[in-house]
Each structure stands twice: as structure tokens, then as C-alpha cells.
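Participant: with the input below, show me the fold.
(chains A and B)
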Amino acid sequence: MPEKIIEIKSICHTFSDGFIGIKDISLSINKGEFIILAGKNGSGKSTLLRHLNGLLLPDSGHIFVNKLDVSKHLVQTRKNVGMVFQDADTQIVGDTVFDEVAFGLENLKVKRTQINEKVTRVLEDLNLFHLKERNPSTLSGGEKRKLSIAGILVMNPQVIAFDEPFSNLDYPGTRQALSTIIDLNQSGHTIIIATHDVETIICEATRIIIMENGSVKKDGTPDTMVKYLESFGVREPCSSKFGLGLMPWPT
Amino acid sequence: MADLIPFTYRQGQSLLHLVDVRCKFFIICLVSMSMVSAHLFPCFFYFIILLFFFKKAGLNIFASLNGIKYFILLLFFIFIARALTIKGDIVFSFYSMSVTREGLNEGFLVAFKFFLVMVTGLLFSSTTKPSSVKSAVQWFLKPIPFVPEKRVAVMVSLSLGFMPLILKQAGQISDAQKARCGDLQKNPVKRIIRLVLPLLKKTFLSADSLVLAMEARCYSDDRTDPEFEPSGKEIYFLSAGFIISLSLACL
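Facilitator: As a prediction, the model looks like this:
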């Protein structure tokens, strides 16, 4: 039986202006899954992702990561669930690639020798080591996205949540990011991607959750969900539309 | 990719790049204070030393000066103001204003001193990583009671790191306005308001995203302490710095 890593129990979230972000969502996520959270803008995908990392806490209901209640174990949750944001520029804190990756470990008060060791390993794994002294603002879009992933990966999370990871990326950048995400999943990480354009990743996903107005409308395998996408404002992949089934993107 | 602004760190292996940031900080403070009572000849001598360090650090002095051209314009105004307001032997006069020999000398000296302080800062920031500046700020503030040195240090580092992003956003806003003939507006106050308001909005939104990204990576004030890497040349650097400061103050 697959091991549950995240369990969401009847969570609701209303923003201070009265807008309902999440409406009674319950679901569970197993270790190693590759999940697409699909839905049009404002459907609640990003809000749900932020709950998984403890950046937002539910008004009612509970979220458990590794059986720990997120609201009571924020640091442990943030170590277990890494979050990669949509705009790579505004999440860069360090002034060199190396310092940027080291930021999370410094927050966890890891010893300097261990920080140097872990950061070097992650930069080598993601083929960013040659850029370690570069100013992050001078990197290309694809490199910046990889850098954001490295900053999360160094904290050794089990789950990595991506918010629109392919937005603002050119074709090579998208391929680079996609390849990195697939490698992460193959190395055992649970991947959750919030997006309104599923074409790039649908073939890699094991499950699609379709959201609308803050609630989960459909949940199933890509093969069964693909025909419902357009009725919830998400474009159906071209290959599926033309009757060719789901075809993978080149990486 | 973002362009590097004049005060951005540039990679290198020169003495200024390698020497401990605390020494650089100390010598900069000492030299700047010595400059207050300095005469023209020692200032020229110091300028030649600065040019030497620019060359050694692999920086293009003309490109760097181009980046501070508005500051140089400000120095010109300071020179004019001094030349017109200090009493002495009149060189020439028009209407009720007279330019004096003492005013010209004093104006040139004051403007030149400001210029030297600015160029020293430029050299410092081009050869020092903002993370090292952060570490030095933290180290110097540590003995001062009731000052949250780690928080102040992160603020300094973020301010330095965010500068290229803010300038990039200002450029984008300006281009968007030019594309709609915004440059036809000749009133400088209106033009500034049109630029500043959206820029402030964007900057605050970016700051919000940055806060989220930092929280997602477990940010706290209690972090791994910075590491300093002395190069072994600090004693020579300090000695040279003392001699230069003494020369500026006494000659």
C-alpha cells in the first residue's frame, strides 16, 4: 500500500477581504507521486500550495505532512515541503549563486562546513557549479529556475511544490526545467505542480487534480482527466485534441 | 538577463577582492575621515592610488564613472555654489554675483573630496560581495547592545541585492510609458510621479514575494554565523591604509 506523505482534511481558507481561497478540500498525496494541480487563474491552486508549506494556515481543518500537523510544526513542514515560486527573480536572496543556495541551510543553523559541502553537491547535481560565483540576476531564465530548485533541494525536502514553473521561460529554459523536475521525481521526490497549462508535463504526471472556485472538482489519472480540462478553463493538450493521445515533451 | 549597475559586485582575484571585508570597512572609514582635513596634493596622490586599484581589480574606470554621471553633475553644482559663495579675490563677476579665487579653490577641493569618497565606495562595492558586507555589518554591530545585528545585516544585504531588480523594473516602466508616448510629457515632476508610483507598487509586491520565499526557506534571525576568509595580506593592507590616512590628514 502506498505511503501517505500529505493528508489534507476539510480545509477552508478565506482571505481578509472576504474572498474564499479554499473551500472544504480533503485529499491525500502519496510518496513519489507526480501531481498536477490544474485550474484557471483564481481557482485556488497557489493558495492550496501555500498551505502545504505552512505559508498560509487554514481557517478550519488540518493538514498533516509526514503525520505532523503543519500548524504546529512549521519548520519541520518547510524542511519537508520545498516551494518553488512563479517569479524566480523575486525569490532570490543571495548575491551569488552559492550564497543563494546556502540561504535555507543558514536559516536552519547548519554548520558552515556542512553548508559548503551540501551546497557544492547540489550545485554539481544540477550542473550549476561553474556558475557558483555569478550574480543570480545575470543568469538566464532557465538557470534562475534551476537555481530556485537548488535552493530548495539543498534542504533535502521530500515534497517539492512548484507554482507555474514554466511561466516566463523560453523553449530551452522550459526543457531545462522540465528535465530537472523529471529527474527529481525519478530520484524519489514527490512533485506537485500548480499550472494552468498542462501540455508540458501531463505525460510525466501520475495524477491530475482539477480545481475551480477554491474546491477540487476532479481528481484522477491524466488519461481519465484530460477530457474534462477544457470545461474547467484549462487547455487540452494538442496531441489529445487531435486524437493522438498524450505525447511527452522533449527534454 | 539584468545589466550590472556600477555598485554591483564583480568577480575577481585582485588584492581588494581577497582581503578581509572587515579590514576594507575599517580602512574606508579611516580614509573617509582623514579626507575631511586633506589638502589638494594628498588627494591627487590618493586618486592615483585609487586608479591603480581600479586597474588591478580589472574594472573599467570610465564605465564606472559613466554609472555615477549624475553624481558628478551634483558635484559640479557644489563646485559652482562654493565658487559663488566664498568671499576673497574676485576673478570675475556678473550682475551681483562674483566668482572668487578662494571659492574656486575651495569648491574644487570639496567636490574632489566628495568624488574620491564616492569612487572609494564604488571600488569597495565592486570588489566586495554583498554577503560579505552583510557579515561585516553583523560583526561590527555585535558588541552594540539592543541592536538586532543579524536582522540589520540581512536588511543591508537585501537592499544591496534588490537594487538591480528595482532598476530593471524602473527601466521596464519607463519603456512601457515611452511606448505610449509618455516622453511627450515635458513636466519633470509629472514624469517622476508617473514613474515612481508604479515602481513603488511593483517594489512592494516584489518585497511581499521575497518575504514569502524567505519564510518558505525557514528564515529566522537565529542563523548560521558568517564566515570570514582572511587572505593573509590584511596586515599589509592595514599598514598601507594607515599610511594613506595619515598622509591625507597631515600632509
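
Participant: just the element for whichever residue of the stretch 151-251 of chain B sits closest to chain A, please.
Facilitator: Distance from chain A to each residue of the stretch 151-251 of chain B (C-beta to the nearest C-beta) is smallest for residue B:213, at 3.3 Å. Where C-beta positions appear, they are placed from N, C-alpha and C, glycine not excepted. Take DSSP states H and E as the rule and residue B:213 turns out to sit in helix B:188-216.

Participant: other SSEs contacting that helix?
Facilitator: Other elements packing on helix B:188-216 under the criterion 3 or more C-beta pairs under 8 Å, 6 or more residues apart in numbering or on different chains; DSSP states H and E are strand A:81-84, helix B:149-179.

Participant: out of these, flag the one nearest residue A:196.
Facilitator: Closest to residue A:196 of the helices and strands packed on helix B:188-216 is strand A:81-84 (C-beta to C-beta; 16.5 Å).

Participant: for that closest one, which strands pair with it and how are they oriented?
Facilitator: Within its sheet, and counting by DSSP bridges, strand A:81-84 is paired with strand A:159-163 (parallel).

Participant: residues contacting the nearest residue to the residue of the stretch 151-251 of chain B closest to chain A once chain neighbours are set aside?
Facilitator: Counting by C-beta to C-beta, 6 or more residues apart in numbering or on different chains, the nearest residue to residue B:213 once its immediate chain neighbours are dropped is residue A:91, at 3.3 Å. Under the criterion of C-beta atoms under 8 Å, 6 or more residues apart in numbering or on different chains, the contact list for residue A:91 reads A:84-85, A:148, A:151, B:209-210, B:212-213.

Participant: looking at these, spot the one nearest residue B:123.
Facilitator: For the contacts of residue A:91, the closest approach to residue B:123 (C-beta to C-beta) belongs to residue B:210, at 28.6 Å.

Participant: the closest one: neighbour count?
Facilitator: When counting by other C-beta atoms under 10 Å in any protein chain shown, one arrives at 21 neighbours for residue B:210.

Participant: is stretch B:46-59 in proximity to chain A?
Facilitator: No. Counting by C-beta under 8 Å from any C-beta of the partner chain, no contacts exist between stretch B:46-59 and chain A, the nearest distance being 13.9 Å.

Participant: for that stretch, buried residues please.
Facilitator: Applying a neighbour-count criterion of 16 or more other C-beta atoms under 10 Å in any protein chain shown, the buried positions in stretch B:46-59 are B:46, B:50, B:53-54, B:57, B:59.

Participant: now those as a markdown table including distance to residue A:19?
Facilitator: Putting the buried residues of stretch B:46-59 into a markdown table (distance: C-beta to C-beta, whole Å) gives the following:
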| residue | distance to residue A:19 |
| --- | --- |
| B:46 | 60 |
| B:50 | 56 |
| B:53 | 56 |
| B:54 | 55 |
| B:57 | 52 |
| B:59 | 51 |
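
Participant: how much space between residue B:242 and residue B:236?
Facilitator: Distance of residue B:242 to residue B:236, given as C-beta to C-beta, to the nearest Å: 11 Å.

Participant: neighbour count: those two, which is higher?
Facilitator: Applying other C-beta under 10 Å to residue B:242 and residue B:236 shows that residue B:242 carries more neighbours, namely 15 against 12.

Participant: would you map the strands across chain B?
Facilitator: Secondary structure of chain B by DSSP state E: the strands cover B:90-94, B:97-100.

Participant: among those, which is nearest residue B:227?
Facilitator: Using C-beta to C-beta and comparing these, the one that lies nearest residue B:227 is strand B:97-100, at 54.5 Å.

Participant: can you show me the CA trace of that closest one as PDB?
Facilitator: Below are the C-alpha coordinates for strand B:97-100, written out as PDB (Å, rounded to 0.1, in the frame of the first residue of the first chain):
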ATOM      1  CA  MET B  97      27.500  87.600  -8.300                       C
ATOM      2  CA  SER B  98      31.200  87.300  -8.100                       C
ATOM      3  CA  VAL B  99      33.400  84.200  -8.500                       C
ATOM      4  CA  THR B 100      36.500  84.300  -6.200                       C
END
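
Participant: distance check, residue A:160 against residue A:183.
Facilitator: 11 Å.

Participant: which one's more surrounded, those two?
Facilitator: Set side by side, residue A:160 and residue A:183 give different neighbour counts by other C-beta under 10 Å, the larger being at residue A:160 (21 against 13).

Participant: which residue is the nearest non-sequential neighbour of that one?
Facilitator: Looking at residue A:160 with C-beta to C-beta, 6+ apart, the closest residue is residue A:82, at 4.7 Å.

Participant: what's the neighbour count on the one you found?
Facilitator: Around residue A:82 sit 26 other residues, with neighbours defined as other C-beta under 10 Å.

Participant: so residue A:154 touches residue A:98, yeah?
Facilitator: No. Using C-beta atoms under 8 Å as the test, residue A:154 is too far from residue A:98 to be in contact (10.6 Å).

Participant: mutual contacts of those two, please.
Facilitator: Among the neighbours of residue A:154, those also in contact with residue A:98 (C-beta under 8 Å, 6+ apart) are residue A:119.

Participant: higher neighbour count, the two?
Facilitator: residue A:154 (27 against 22).

Participant: do you know how far that one is from chain B?
Facilitator: Between residue A:154 and chain B the distance is 9 Å, computed by C-beta to the nearest C-beta, to the nearest Å.

Participant: now swap in residue A:34 and tell me
Facilitator: Computed with C-beta to the nearest C-beta, the distance linking residue A:34 and chain B is 21 Å.

Participant: now do the contacts for residue B:50.
Facilitator: Neighbour list for residue B:50: B:116, B:119-120, B:123 [criterion: C-beta under 8 Å, 6+ apart].

Participant: pop out the phi and psi values for the residue in chain A that chain B sits nearest to.
Facilitator: Closest approach between chain A and chain B, counting by C-beta to the nearest C-beta: residue A:91, at 3.3 Å. Listed backbone geometry of residue A:91 is phi -110, psi 0, with angles given as degrees, to the nearest 10.

Participant: likewise for residue A:204?
Facilitator: According to degrees, to the nearest 10, the main-chain angles of residue A:204 amount to phi -90, psi -20.

Participant: from what I can see it touches residue A:34, true?
Facilitator: Yes. The pair residue A:204 and residue A:34 passes the contact test of C-beta under 8 Å, sitting 5.7 Å apart.

Participant: list residues touching both of the two?
Facilitator: Common neighbours of residue A:204 and residue A:34 (C-beta under 8 Å, 6+ apart) are residue A:185.

Participant: show me where pLDDT drops low in the chain?
Facilitator: Using chain A. Low-confidence segments of chain A, defined by pLDDT under 70, are located at A:251.

Participant: looking at chain B here, not the other one
Facilitator: Scanning chain B with the threshold set as pLDDT under 70 gives B:1-7.
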